[in-house]
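> Return atomic coordinates for the entry below.
(2 chains)
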Amino acid sequence: MLSRVAENLYWMARYIERAENTARLVNVNGLLQLDLPAKARTGWEPVIAITSSGQRFRKLYRTPSESNVVTFLIQDERNPGSIISSLRFARDNARTMRDIIPREAWEEISGLYTTAMQRISKGELRPDRDQYLRTIIRGAQTITGLLAGTMSQDIGYGFLRMGRNLERTDMTSRIIDVRSADLLAEHGGGLRPFETIQWMSVLKSLSGYQMYRQHMDQSVRRIYVLEFLLKDENFPRAVFHCLGEIEACLARLPRKKKAVDIIGRMRKAVSDTDLESLEQRNLSQFIDDFQIKMGGLHDCIAETYFRVSAPA
Amino acid sequence: MTIRWREYPAAGLYDELVGPGGRLRPAAKMLGRRLSKLSDDAVRQRKAAADLAIQTMGITFTVYSQKEGGSIDRAWPFDIIPRVIPKSEWDRVEEGLRQRVKALNLFIDDIYHKQKIVKDKVFPADVLAKSRNFRPQCVGIDPPLGIWAHICGSDLVRDKDGTFYVLEDNLRVPSGVSYMLENRQVMKRVFPGLFENYNILPVDDYASQLLDMLDSVAPRTAKRPEVVVLTPGIYNSAYFEHAYLAQQMGAELVQGTDLFVDKRDRVFMRTVRGAERVHVIYRRIDDLFLDPEVFNPGSTLGVPGLMRAWKKGTVTLVNAPGAGVADDKVVYAYVPEMIRYYLDQDAIIPNVPTYRCMDPEDRAFVLANLDKLVVKPANESGGYGMLIGPHSSKAERSSFARKIKANPREYIGQPMLTLSTVPTLVDSHAEPRHVDLRPFILSGREVSVTTGGLTRVALVKGSTVVNSSQGGGSKDTWIVDETGDG
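Residues are numbered from 1 along each chain as shown, chains lettered A, B, ... in the order given. The predicted structure follows:
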C-alpha cells in the first residue's frame, strides 16, 4: 500500500471521529448548562479548552458566549477543528481514495458534508442545534459502520482504525483533563448533586453513561468515572481499550517495533496509575505526559509509514 | 411514435446506420429493426436504464468549477444508439492504423538519432527546428524495443462519401479508452438481447493488453516488472480513467510525490512496507511536468530525477518523453511520406488533404480560400485557435491572413469536411448527429488495436464539436462480424 494512501486513510478516520466528538461535546455541554443552577454554570470556555483552540478563538471572537463558541465549533471554516472543517478534510481525503474505499462510504462521507453545509444556518439556533448535531453524530457513526462492514480488513483498514482510535484516545484524555480541573472535584462542598450531574455529562460527552452504569456497578463519582474512562478494557472510548486497538493494528504491519514499544509504555502508564491517590494537580500532570507520549506515537507512525525515503 | 427510419432526415449526409432512401445499412439492419419496434416508453426506459447504469458505475469526468468551489464530477453523457461498423471494413482500418503507428515510431526514433529522413530531404529541417514538442534532452536515447509512442489515439472521421480519414494522431497522453470500455458495459445492461443475436466483437481485453504491453517494454534487468500509473491527481479531467485503468490492471495509481529517484538513478515508490522499486511508469502527465530538474522547475506533479533514470534505462516511461514531436499538425501532414519512406508502402488510411502554409504554393491557396477552409495552428489541441472559414467573419479572416503570413510554419489549411452522422436519441425519436472515432493502438513487443474505439458524438444539432466539456457525448461502437449472422 502506498504511504500516501495509508496516510489519507489514517487522517480521514481521524477527521470523521473528530467531527463526531466535537458534535457530542457541544451537544452535551448545551444540555449541561440547562441542568446547572446559574451560580454553578461552567459556561462554554471549557469546551474551547478541551479542543485546545483558545488562541484561535480569541483572535476571532470577543467573548466566549454560547453563540460564539457554538458558531466557532460547528460552522466556522476559519477554525480547522470545527465540525465543518473536519468533514471537509475528511471528504477531501476520501476523494483521493475513491478506488480504495467502498463506494457507499464515499457517498456517505460526501453526503454528510453536504448535509452539514446545507443545514448550517440552523446550527446556531438552540432547538435545531440538537437535531443538527445528532445528524452529524449519526452520520459519522454510519460511515464508521459502513467502513467496518464493507471494507476488507487489510492493512489499509488498519490505518483507518489506528486513526480512529488515536483520535478517540486524544479526545477522552482532553475531556478528562479539562473537566476534572474545572469541576468542583472532591472539594465540592454543598454542590454535591450538581457535581454528579457534571460527571454524568462527562460520560455522556463520550457516550459512555449507559455502559458505565452497566459495567461499573457504582454511583457516578469522580474516581470511578476516571477509572472507567482511562482503564476500562472494553469500552470503545476508554483510553486503555483504544491503545489496545492501535496495538492490534500495528501487529499486522511491518517495521512496527518502535511504535509497539511506545504503546506498551503508554498502556503501562495508564494501568499503573493509582487514581485513588492522584490529586487534581497530579492528574493534570499525568494527562499532560500522556498527551506528549501520544504525540510521540503519532510521529512514530508517520515517520515509519508515511515518510518513506531511503530504499528498504 | 416509434423510430421510423423512412422519415430519418439524413439527406446530404453520410449516416453510419441509415443509407440512401432511409434503408438501413446491412450491418445495422437488425439493430435498426429492433429500435423501430420499441415504443416511446420502451425507448425512454432504456435511456433511463443507461443513465442509471452510468450513475451506479460511477462513470464521470471532472470539470473545474469556480462556483461550486473546486472540481466536480459530471456523469458521462451517453447515447444508447450504437455506431455499427462491419468487420470487413474495420479490418482494413485496423491494418492502416498499425501501418501508421509503425511509421510514426520509426520516425520518432530517427528524429532522436541520425535524422535520416531530414538528410534525405523527405522531411524539412525547418519543420523540425520549429517543433514545439521536440525535446533535445531525448537525443540519442534508446527506449526498449525502439518504441516511443506506446499508446496512440488517432482520431478518424468519415467524410460525406464514406471514406475514413485520419484527422490527427495523439501521441502524448491520449485519453478516452476507459469510456470506450464502460460504454460497452452499459450497453450490455441496456440491450442484452442484441448481444445474444448479433456477432459483436468484444472490447474488454484492453486492460490486459495494456498490461502485457507495459510488461514487454520494461527494462531488461527487471525480472518481475513493477508497473504503476502516474496521475496528476484528482483534479485532472481524466482522473476517473487513470483510476479505472490502474484498478483494471492491478497496478498502483501513484502521484509524483509517491515516487523518488535514488542516487543510483533508480525509481522507487513510498509504501508502508518501505521503498519499492518501480520499472514501468504509464504516465498521464505531460512531458514538461515530468521532472522539475529538466523541464518546468515549478512542477510539483512530477518526480525530480525521473529523466536521469529514464536516460539510464532503469525505468521505462510510457509514452516516452519527446514522442509528442510527431503530435503536431504540420508533422501530421508528412505522415503519408513517412509511411512511404520507412515502410515503402502507400498509406492505407488517407490523411485529410492538408495545405502546409510554409509551402509558398499551398500558402497562396490557403490565403485565397480562407472562406472555404479550416485553418488550424500546428500545436494546439481541443479545437483551440482554429478558423472555420465558412462560419467566419471578414475580420477574423484578415486576422488569420496576417498570422499565417507572419508565421507560416505554425498553420495548416484543410477543406471543411462534413462528418458522418449516427442516429442519436432526441427525446424518444432519432436524429442524425455528427461523430468521430478514436481507436487506440498499443505498441510493445506486439501491436494491438482496440476493436473499434471511442465514438464521440456532438449532441447539439449541426455541431461538430464532440468534446465532452462542450456538449459532446459518446456512443458504443460495434464492430459486427456479418459472416456469422447472415
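> what about the top helix by length along chain B, average pLDDT?
Longest helix in chain B by number of residues (criterion: DSSP state H): helix B:87-111. For helix B:87-111, mean pLDDT is 97.
> Which strands or helices does it pack on?
helix B:116-119, strand B:151-158, strand B:164-170, helix B:335-338, strand B:440-443, strand B:447-449, strand B:472-480, helix B:482-485 (3 or more CB pairs under 8 Å, 6 or more residues apart in numbering or on different chains; DSSP states H and E). To be clear about C-beta, it is placed using only N, CA and C from the backbone, and glycine gets the same treatment.
> let's see 6 Å
Secondary-structure packing of helix B:87-111 (3 or more CB pairs under 6 Å, 6 or more residues apart in numbering or on different chains; DSSP states H and E): strand B:440-443, strand B:447-449.
> number of nearby residues for the spatially closest residue to A:Asp35 that is not a sequence neighbour?
Once flanking residues are discounted, A:Asp35 sits nearest to A:Ile197: 5.2 Å by CB to CB, 6 or more residues apart in numbering or on different chains. A:Ile197 has 16 neighbours, counted by other CB atoms under 10 Å in any protein chain shown.
> Let me see the ranges of the helices in the stretch 301-450 of chain B.
B:306-312, B:329-332, B:335-338, B:360-368, B:394-406 (DSSP state H, counting those that start in this stretch).
> SS state for the most centrally placed residue in chain A?
Compute the mean C-alpha point of chain A, and by CA atoms, centre = their mean the closest residue is A:Met171, 3.3 Å away. Taking DSSP: H, G, I helix; E, B strand; the rest coil as the rule, one finds A:Met171 in the helix state.
> could you check the angle strand B:472-480 makes with the longest helix of chain B?
110 degrees (axes from the mean of the first three to the mean of the last three CA atoms, to 10 degrees).
> Looking at residue 238 now. What's its pLDDT?
The chain I'm using is chain A. In this prediction A:Ala238 is given a pLDDT of 95.
> Chain B, not that one
87.
> residues contacting the residue of the stretch 51-200 of chain A found nearest chain B?
Proximity of the stretch 51-200 of chain A to chain B (CB to the nearest CB) peaks at A:Asp99, 4.4 Å away. Each residue near A:Asp99 by CB atoms under 6 Å, 6 or more residues apart in numbering or on different chains is listed here: B:Ala243, B:Gln247.
> Show me the shaky parts of the stretch 101-250 of chain B.
Across the stretch 101-250 of chain B, nothing is flagged by pLDDT under 70.
> For it, list the residues in contact with chain A, please.
B:Ile234, B:Ala243, B:Gln247 (CB under 6 Å from any CB of the partner chain).
> Tell me which residues touch the last one, please.
This means B:Gln247. A:Asp99.
> same thing but at 10 Å, please
A:Asp99, A:Ile100, B:Ser178, B:Ala207, B:Val229, B:Leu253 (CB atoms under 10 Å, 6 or more residues apart in numbering or on different chains).
> Could you list every helix and strand that the helix or strand that the fourth one is a member of packs against?
So that's B:Ala207. Using DSSP states H and E, B:Ala207 sits within helix B:206-216. The elements that helix B:206-216 packs onto, with contact taken as 3 or more CB pairs under 10 Å, 6 or more residues apart in numbering or on different chains; DSSP states H and E, are strand B:151-158, helix B:177-190, strand B:227-230, helix B:239-249, strand B:280-283, strand B:316-318, strand B:440-443, strand B:447-449.
> angle of it against strand B:151-158?
Using the same axes, to 10 degrees, helix B:206-216 lies at 140 degrees relative to strand B:151-158.
> between helix B:206-216 and helix B:239-249, what angle do the directions make?
70 degrees.
> Check which residues of helix B:206-216 are buried.
B:Tyr206, B:Ala207, B:Gln209, B:Leu210, B:Leu211, B:Asp212, B:Met213, B:Leu214, B:Asp215, B:Ser216 (16 or more other CB atoms under 10 Å in any protein chain shown).
> Could you measure from the nearest residue to the fifth one once chain neighbours are set aside over to B:Ala243?
Of all residues not flanking B:Leu211 in the chain, B:Met249 sits nearest, at 4.5 Å (CB to CB, 6+ apart). Here the criterion is CB to CB, to the nearest Å. By it, B:Met249 lies 11 Å from B:Ala243.
> Between those two, which contacts overlap?
With CB under 10 Å, 6+ apart, B:Met249 and B:Ala243 have common neighbours B:Val229.
> Run the chain-centre distance for the helix holding B:Ala207.
18 Å (CA atoms, centre = their mean, to the nearest Å).
> okay, and for the stretch 151-300 of chain A, where does confidence drop off?
Ranges of the stretch 151-300 of chain A meeting pLDDT under 70: A:182-192.
> In three-state terms, label B:Pro225 for me.
B:Pro225 is classified as coil under three-state DSSP.
> Return the backbone torsion pair for it.
Dihedral pair for B:Pro225: phi -60, psi 140, per degrees, to the nearest 10.
> Spit out the contact partners of the closest residue to it other than its chain neighbours.
Of all residues not flanking B:Pro225 in the chain, B:Ala218 sits nearest, at 3.5 Å (CB to CB, 6+ apart). B:Ala218 is in contact with B:Pro144, B:Arg224, B:Pro225, B:Glu226, B:Val227, B:His279, B:Val280, B:Val315, B:Thr316, B:Gly444, counting by CB under 10 Å, 6+ apart.
> The third one: neighbouring residues, count only.
So the one you mean is B:Pro225. What B:Pro225 shows, counting by other CB under 10 Å, is a neighbour count of 19.
> what's the neighbour count on A:Ala94?
24.
> Check what pLDDT it gets.
pLDDT at A:Ala94 comes out at 91.
> Go ahead and confirm it touches A:Leu146.
No. Look at A:Ala94 against A:Leu146 with CB atoms under 10 Å: they stay out of range, at 11.6 Å.
> Show me what B:Arg438 is bridged to.
B:Leu454 (DSSP bridges).
> so how far is B:Pro202 from it?
When B:Arg438 is compared with B:Pro202 (using CB to CB), they lie 18 Å apart.
> contacting residues for residue 232?
This is for chain A. Counting by CB under 10 Å, 6+ apart, A:Asp232 has contacts A:Gly208, A:Met211, A:Tyr212, A:His215, A:Met216, A:Ala238, A:Val239, A:Phe240, A:His241.
> oops, I was thinking of chain B
Counted by CB under 10 Å, 6+ apart, B:Pro232 has contacts B:173, B:238-239, B:242, B:255-256, B:283-286, B:289, B:299-302.
> Just the buried ones from those?
So, by 16+ other CB under 10 Å, the buried ones in these are B:173, B:238-239, B:242, B:255-256, B:283-286, B:289, B:299, B:301-302.
> for those, which one is nearest chain A?
B:Gln255 (6.8 Å).
> Check chain B for the residue nearest chain A and tell me.
Counting by CB to the nearest CB, chain B gets nearest chain A through B:Gly274, at 3.2 Å.
> thought that residue was touching A:Leu2?
No. Counting by CB under 10 Å, B:Gly274 sits too far from A:Leu2 to count as a contact (11.8 Å).
> list the residues that contact both of those two?
Common neighbours of B:Gly274 and A:Leu2 (criterion: CB under 10 Å, 6+ apart): A:Val308.
> where does the stretch 1-150 of chain A come near chain B, residue by residue?
A:1-7, A:88, A:92, A:95-100, A:103, A:106-107 (CB under 10 Å from any CB of the partner chain).
> which of these count as buried?
Looks like the residues of the stretch 1-150 of chain A next to chain B have A:1-7, A:88, A:92, A:95-100, A:106 buried, using 16+ other CB under 10 Å.
> so which pair among the residues you listed is furthest apart in space?
A:Met1 and A:Arg88 (24.5 Å; CB to CB).
> which residues in the stretch 201-312 of chain A form helices?
A:209-216, A:222-231, A:239-251, A:257-272, A:280-301.
> Just give me how far the longest one sits from the chain centre.
Translated: helix A:280-301. 15 Å.
> And for the third one?
Centroid separation for helix A:239-251 versus its chain: 15 Å, with CA atoms, centre = their mean.
> what do you get for the first one?
Taking the mean C-alpha point of helix A:209-216 and that of its whole chain, the gap between them comes to 19 Å (CA atoms, centre = their mean).
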